[in-house]
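Enquirer: Need coordinates for the below:
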Amino acid sequence: MFKVTPENEDIYRVELSAPRSPLDEDDFFNFFNQIFDKERFGILLKVEGDKSFSPAAKKYLGYWFKSNRTRLKTKCFAFVRLRSFVDNDKLMKMKKAMPCPYFEFIMECDAITTLKDQSEILL
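Expert: Prediction:
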């Protein structure tokens, strides 16, 4: 199941959870394409259950991030991932790869606080 919940006018909770629908991948990419209509935004991503995208969607995800690197840098004040544990080596790689500030947390309250703090920093 794919679900987007606005936390406020510029922070969005994005959830992918079981049971997955065949349309979830399309909905996921449609949301991320439409979010650029906003002046600025922050994302809280929570993935539960089967985390695998199809091979085609994984390929498109890599292409999408490369194609939207500049827009992410100018519009996304933070991309925060909720995880059951944080692997610091993988976190450092993601921080380097992402064009916008990237964080991972176990506790949702820490994720929300970071997003709110980051939203007050001008891009």
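
Enquirer: Show the low-confidence segments of the protein, by residue range.
Expert: 50-52, 123 (pLDDT under 70).

Enquirer: Kindly recompute the last result at 90.
Expert: By pLDDT under 90, the weakly predicted segments of the chain are 1, 16-22, 47-58, 61-62, 121-123.

Enquirer: In it, mark out all the helices, start to finish.
Expert: 24-34, 55-67, 69-75, 88-97, 108-119 (DSSP state H).

Enquirer: The second one to helix 88-97, inter-axis angle?
Expert: It refers to helix 55-67. 50 degrees (axes from the mean of the first three to the mean of the last three Cα atoms, to 10 degrees).

Enquirer: Pull out the buried residues from helix 55-67.
Expert: 57, 64 (16 or more other Cβ atoms under 10 Å). Quick note: C-beta positions are derived from backbone N, CA and C, even for glycine.

Enquirer: before we move on, the earlier item: point out the most buried one among the helices of the chain.
Expert: Mean neighbour count (mean count of other Cβ atoms under 10 Å) peaks for helix 108-119 among the helices of the chain, with a mean of 16.

Enquirer: Format the helices of the chain as CSV; extra columns: distance to residue 45.
Expert: Putting the helices of the chain into CSV (distance: least, Cβ to Cβ, whole Å) gives the following:
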stretch, distance to residue 45
helix 24-34, 10
helix 55-67, 12
helix 69-75, 13
helix 88-97, 11
helix 108-119, 9
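
Enquirer: how about those, which one is nearest residue 82?
Expert: helix 108-119 (5.7 Å; Cβ to Cβ).

Enquirer: what packs against the closest one?
Expert: strand 11-16, strand 41-47, strand 76-82, strand 102-105 (3 or more Cβ pairs under 8 Å, 6 or more residues apart in numbering; DSSP states H and E).

Enquirer: can you list the ones you listed in TSV and add mean neighbour count and distance to residue 67?
Expert: Converted to TSV, these look like this (neighbours: other Cβ atoms under 10 Å; distance: least, Cβ to Cβ, whole Å):
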stretch	mean neighbour count	distance to residue 67
strand 11-16	19	19
strand 41-47	20	17
strand 76-82	22	14
strand 102-105	19	18
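
Enquirer: quick one: which of the ones you listed is nearest residue 113?
Expert: strand 102-105 (9.1 Å).
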